[in-house]
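1. Mind folding the following:
(one chain, ligands or ions: 2)
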Amino acid sequence: MNIKIVNLSRSFRVNGTQVRVLDNINFDVRENEFVTFIGPSGCGKSTILNILAGFISPDSGFIYLNGKRVSNLATIAAYMVQKDLLLPWRTVLGNALLGPEIRGDDMSIARREAEELLSNFGLQDFINSYPHELSGGMRQRVALARTLLFKRPLLLLDEPFGALDAMTRFVMQNLLLRVHKKYRKTVILVTHDIDEALLLSDRIFVLSARPARVKSVYEIKRATREREVKENLKEKIFSELKEEIGTVFRNGEV
Ligand SMILES: Nc1ncnc2c1ncn2[C@@H]1O[C@H](COP(=O)(O)OP(=O)(O)OP(=O)(O)O)[C@@H](O)[C@H]1O
Ligand SMILES: [Mg+2]
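-> Ligands and ions are numbered 1, 2, ... in the order given. Next up is the predicted model:
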């Protein structure tokens with residue numbers, strides 16, 4: 001699928017004054033592409049995903065899906081919001097099965113599939129646990145599994161690994177790359193982390209401080225899409241781009 005976003009703008013009323021958060025945001029996403037938005041806290045990253053998912057409307061601007069104008073991408077997107085939002089009264093398996101339940105799938109097939117996915121995510125011993133019994137990293141893995149089980153071609157992921165320690169983060173990043181490849185997803189990820197953006201993305205959109213605009217776009221031409229995080233780290237482009245994006249940040253240009 002091909003997504004094109006044209007002149008997306010949005011303001012919020014804060015304490016009686018209108019604050020412009022998104023200022024003519026333009027970008028496109030290609031089929032099976034992995035793109036990342038990176039930008040300072042409060043610049044409007046979650047607002048972009050909220051608009052794409054149809055949670056809120058833009059004040060102006062257009063969203064095109066395969067050349068046709070649509071009001072949002074709700075029909076093709078699974079959205080993992082910034083907070084994991086697991087349902088506390090449901091077990092790990094129950095949370096993971098939300099999508100298939102809403103869709104009215106055959107639940108015995110869905111349950112087997114969810115159990116397999118949760119096992120791949122290292123949660124086989126916690127399928128019947130409740131969210132409050134899990135660590136932050138485990139909760140994020142459940143939320144990611146749930147997002148995948150919605151079986152939508154587009155994943156909107158808002159800082160999915162935000163609260164994780166470095167080791168778990170690395171494991172999860174690898175898992176996400178494998179998911180991207182295996183299920184041929186298109187991914188729009190939001191992160192604060194330059195390393196994460198560089199390790200995972202085909203293209204990186206750097207946003208300015210509020211009101212957010214797309215400041216610069218970096219295309220990362222990998223030697224191969226059959227990649228693992230560790231291999232990406234070794235690429236020369238990684239250190240070069242890290243330096244360049246880091247400089248843009250340090251100079252306060254974003
Ligand atoms: N529903 C809302 N009502 C009022 N203001 C909002 C609303 N949603 C977002 N904002 C404001 O818009 C700005 C951008 O918020 P947003 O959550 O998109 O930032 P962000 O880039 O995702 O930040 P972070 O990196 O900290 O998650 C903030 O100033 C926030 O207060
Ligand atoms: Mg956010």
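2. What is the subsequent helix or strand relative to the one helix or strand Lys4 maps to?
-> Counting by DSSP states H and E, the element that carries Lys4 is strand 3-14. Per DSSP H and E, strand 3-14 leads on to strand 17-29 as the next helix or strand towards the C-terminus.
3. That next one versus strand 3-14: what angle between them?
-> 170 degrees (axes from the mean of the first three to the mean of the last three Cα atoms, to 10 degrees).
4. ok, and what's touching strand 17-29?
-> With contacts defined as Cβ atoms under 8 Å, 6 or more residues apart in numbering, strand 17-29 is touched by 2-13, 35, 43-44, 47-48, 51, 58, 61, 186, 188, 205, 210-214, 217. Where you see a C-beta, it was placed from the backbone N, CA and C, and this is true even at glycine.
5. 7 Å instead, please
-> 3-12, 35, 44, 47-48, 186, 188, 205, 210-214 (Cβ atoms under 7 Å, 6 or more residues apart in numbering).
6. Show me what from the stretch 1-150 of the chain comes close to ligand 1.
-> By the rule Cβ under 6 Å from any ligand atom, the part of the stretch 1-150 of the chain lying against ligand 1 is 12, 14, 21, 41-47, 82.
7. Filter these down to the buried ones.
-> 21, 43-47 (16 or more other Cβ atoms under 10 Å).
8. coming back round to it: packing partners of the strand holding Lys4?
-> strand 17-29, helix 45-53, strand 60-65 (3 or more Cβ pairs under 7 Å, 6 or more residues apart in numbering; DSSP states H and E).
9. What is the strand or helix carrying Val217 packed up against?
-> Using DSSP H and E, Val217 maps to strand 214-219. Packing partners of strand 214-219 (3+ Cβ pairs under 7 Å, 6+ apart): strand 17-29, strand 203-207, helix 236-250.
10. what residues does the helix or strand hosting Ile102 touch?
-> Using DSSP H and E, Ile102 maps to helix 98-103. Helix 98-103 has contacts (Cβ under 7 Å, 6+ apart) with 107, 110, 146, 149-151.
11. which residues of the chain score low on pLDDT?
-> Along the chain, segments meeting pLDDT under 70 span 222-237, 248-254.
12. contacting residues for the spatially closest residue to Leu22 that is not a sequence neighbour?
-> Computed as Cβ to Cβ, 6 or more residues apart in numbering, the closest residue to Leu22 that is not its neighbour in sequence is Arg10, at 4.4 Å. Going by Cβ under 7 Å, 6+ apart, Arg10 touches 21-22, 47, 51, 58-59.
13. Go again with 6 Å.
-> 21-22, 47, 58-59 (Cβ atoms under 6 Å, 6 or more residues apart in numbering).
14. From those residues, list the ones also adjacent to ligand 2.
-> The subset of those lying close to ligand 2, counting by Cβ under 5 Å from the ion, is empty.
15. Would you convert those into CSV that also reports distance to Leu155?
-> Shown next, in CSV, are those (distance: Cβ to Cβ, whole Å):
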residue, distance to Leu155
Val21, 23
Leu22, 21
Thr47, 18
Pro58, 21
Asp59, 26
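16. Give me the nearest residue to the residue of the stretch 51-200 of the chain found nearest ligand 2, chain neighbours excluded.
-> Going by Cβ to the ion, ligand 2 is nearest to Gln82 of the stretch 51-200 of the chain, at 4.9 Å. Leaving aside its sequence neighbours, Gln82 sits nearest to Asp158 (Cβ to Cβ, 6+ apart; 4.3 Å).
17. give me phi/psi at the one you found?
-> phi -100, psi 100 (degrees, to the nearest 10).
18. swap in Arg152?
-> Dihedral angles (degrees, to the nearest 10) for Arg152: phi -100, psi 150.
19. these two touch, right, it and Ala78?
-> Yes. Assessed by Cβ atoms under 6 Å, Arg152 is found in contact with Ala78 at 4.1 Å.
20. So for the two, which residues contact both of them?
-> Common neighbours of Arg152 and Ala78 (Cβ under 6 Å, 6+ apart) do not exist.
21. which residues does the residue of the chain found nearest ligand 2 contact?
-> With Cβ to the ion as the measure, Ser46 is the residue of the chain nearest to ligand 2, at 3.2 Å. Contact analysis of Ser46 by Cβ under 6 Å, 6+ apart lists 82, 158.
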